[in-house]
Structures are given as structure tokens and as C-alpha cells.
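Novice: What would the 3D arrangement of this be:
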Amino acid sequence: QVQLVESGGGLVQAGESLRLSCAATGETFSTYVMGWFRQAPGKDREFVAAISWGGGSTFYADSVKGRFTISRDNAKNTVYLQMNSLKPEDTAVYYCAATRSWGRQSVVTMTTLYNTWGQGTQVTVSS
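Specialist: Residues are numbered from 1 along each chain as shown. Next comes the predicted model:
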């Protein structure tokens, strides 16, 4: 099983950017679909973005489309989330997650599809 560690969170002002990283160790990283999720206080964990094994396909939540970009470097066993034009409503703990499955967007966005999770990294956007 793969192990995941996120980094790159922090406190920024609205309109600024952050890049989150998720480093994987253990099993072959390129055999995993990777996702980013987030959870704000008092809210359910929600899908942000996902990327297929080789990086050729991606999905995004409507709330981040056009502002966030998910990418991966299989040689470095790392998945990234570039977040631009950040808004206060983006404030949350961000988690990366791994699964061996890929499918329609309605499937890939489900938290239950993912069986390995990182510990999370806090992103706070001030207005």
C-alpha cells in the first residue's frame, strides 16, 4: 500500500497562490489514481481534483475549475495541486488520496473510491 504525505499549506491573502505537494512512498506510484479533497470546519470532505495514472486525464470540482491545476510527476512519486486566485472559501484542510480505480467523473469524485489518505495540510485564505 502507498503512504502519502502532504505539504505546502499555509496562510495567504485572497488572490494569492499556493502549491500543495503530496509525496508517496511504498508501492508503485504510477499505478495509483490520485485525488485532492478538502474539508472545511463543520463541513463534509469534498472533492477538489483527480488525475489518472499517467496524468492524461483530470477532473475538477466546478468551484475550482480554471483556478486550480492538478499534476503529477511519476518519476518523483509526487502529485501537486497548484492553487491560483485563492478565495476565503477555499480555506480548509486539504488531503491527497490514492486509488487504483478510474471512471466517470461521478465516480472519481467519491471519497469512498479512495482507500489511502494523507494526514492533510491546512490552507487558510484571508480576505
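
Novice: how about the strands in the chain?
Specialist: Secondary structure of the chain by DSSP state E: the strands cover 3-7, 10-13, 18-25, 33-39, 46-51, 58-60, 68-73, 78-83, 92-99, 116-117, 121-126.

Novice: Which residue would you name as the spatial centre of this structure?
Specialist: Nearest to the mean C-alpha position of the chain, counting by C-alpha atoms, centre = their mean, stands residue 36 at 1.9 Å.

Novice: Contact partners for the closest residue in space to that one that isn't next to it in sequence?
Specialist: Once flanking residues are discounted, residue 36 sits nearest to residue 48: 4.3 Å by C-beta to C-beta, 6 or more residues apart in numbering. Bear in mind the C-beta positions are built from the backbone N, C-alpha and C, glycine included. Each residue near residue 48 by C-beta atoms under 8 Å, 6 or more residues apart in numbering is listed here: 35, 36, 37, 38, 60, 61, 64, 68, 70, 81, 94.

Novice: what does residue 46 give?
Specialist: 37, 38, 39, 61.

Novice: how close does it sit to residue 56?
Specialist: 24 Å (C-beta to C-beta, to the nearest Å).

Novice: thinking again about what came up before, just the pLDDT at the residue nearest to residue 36, thanks.
Specialist: On the pLDDT scale, residue 48 is placed at 98.

Novice: What residues of the helix or strand of the chain with the lowest mean pLDDT count as buried?
Specialist: The weakest-scoring helix or strand in the chain, judged by mean pLDDT, DSSP states H and E, is helix 105-108 (a mean of 88). Neighbour-count burial for helix 105-108 flags residue 108 (criterion: 16 or more other C-beta atoms under 10 Å).

Novice: Good, wrapping up.
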